[in-house]
Structure formats: C-alpha cells, structure tokens
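Undergrad: Just need the structure, nothing else, for what follows:
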Amino acid sequence: MTITKKTVADQIAAYLHREITLAQLVDWSERALLDGEFAEPDARILSSVIGRLGVADVRAFGLAWEDCEGLLRQLGFTPRVEVVAT
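TA: Residues are numbered from 1 along each chain as shown. Here you go, the predicted model:
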C-alpha cells in the first residue's frame with residue numbers, strides 16, 4: 001500500500017480522536033517505515049513525520065498536542081479543535 005500525506009494525517013487524527021492508542025500509532029509508524037511505500041514526491045517529508053511518530057513512546061520525545069499540530073502542518077493539514085457538551 002502506498003502511504004500518502006493523507007494516510008499519515010488520518011493516523012494522527014485517529015490518535016487525537018482516541019480511536020487508536022499511542023502504542024498503536026507507534027506500531028503503525030514503525031511498520032510503515034519498514035514496509036511502507038511512500039508516495040513520491042513526498043517521500044522525504046513522509047519518512048520524517050513517520051519517523052517522529054515512531055519514537056513517540058519514548059519519554060524523551062513524547063507526543064503533545066503541539067507536536068501533532070506541527071506534524072499535521074508539515075503534511076499540509078490544519079488541525080481544528082471542537083468543544084462539545086457531554
């Protein structure tokens with residue numbers, strides 16, 4: 001499967017929406033780096049963003065909202081927050 005900017009953005013969004021855990025995001029990232037086929041001409045940015053996601057489970061790196069926002073912007077997406085009553 002070819003990995004595109006949207007593929008990666010969808011994974012980050014799934015994490016932010018709590019549809020997947022940090023461990024699942026890191027696992028996906030590691031598999032994507034090993035087995036993924038990156039869409040040209042975005043291969044450089046894709047490998048950089050996915051590589052960053054792959055170390056998010058290491059305490060020194062972590063993955064804060066600001067990190068996700070920056071990664072999404074690198075991919076050409078703008079995150080938006082919506083607050084709703086529960």
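Undergrad: ok, the one residue sitting closest to the centre of the chain to residue 86 distance?
TA: Centroid-nearest residue in the chain: residue 12, 3.9 Å away (criterion: CA atoms, centre = their mean). To residue 86, residue 12 is 23 Å away according to CB to CB, to the nearest Å. Any C-beta I mention is one placed from the backbone N, CA and C, and that applies to glycine too.
Undergrad: And for residue 11?
TA: In terms of CB to CB, residue 11 sits 25 Å off from residue 86.
Undergrad: So if I had to pick from those two, which one is more boxed in?
TA: residue 11 (21 against 2; other CB atoms under 10 Å).
Undergrad: My guess is that one contacts residue 31. True?
TA: No: Residue 11 lies out of contact with residue 31 (CB atoms under 8 Å); the separation is 11.1 Å.
Undergrad: residue ranges for the strands of the protein, please.
TA: 2-3, 37-38 (DSSP state E).
Undergrad: re the thing from before, confirm for me that the residue nearest to the centre of the chain is in contact with residue 50.
TA: No: Residue 12 is beyond contact range of residue 50, at 10.3 Å (criterion: CB under 8 Å).
Undergrad: what's around the residue lying closest to residue 20 once chain neighbours are set aside, how many residues?
TA: Nearest residue to residue 20, sequence neighbours excluded (CB to CB, 6 or more residues apart in numbering): residue 14, at 4.7 Å. For residue 14, the neighbour count with other CB under 10 Å is 15.
Undergrad: Same question for residue 50.
TA: By other CB under 10 Å, neighbour count at residue 50 equals 22.
Undergrad: Next: the one 3 residues further on.
TA: One way to gauge burial is a neighbour count; for residue 53, by other CB under 10 Å, it gives 26.
Undergrad: State the pLDDT value of the nearest residue to it once chain neighbours are set aside.
TA: Of all residues not flanking residue 53 in the chain, residue 29 sits nearest, at 3.9 Å (CB to CB, 6+ apart). What the model reports as pLDDT for residue 29 is 97.
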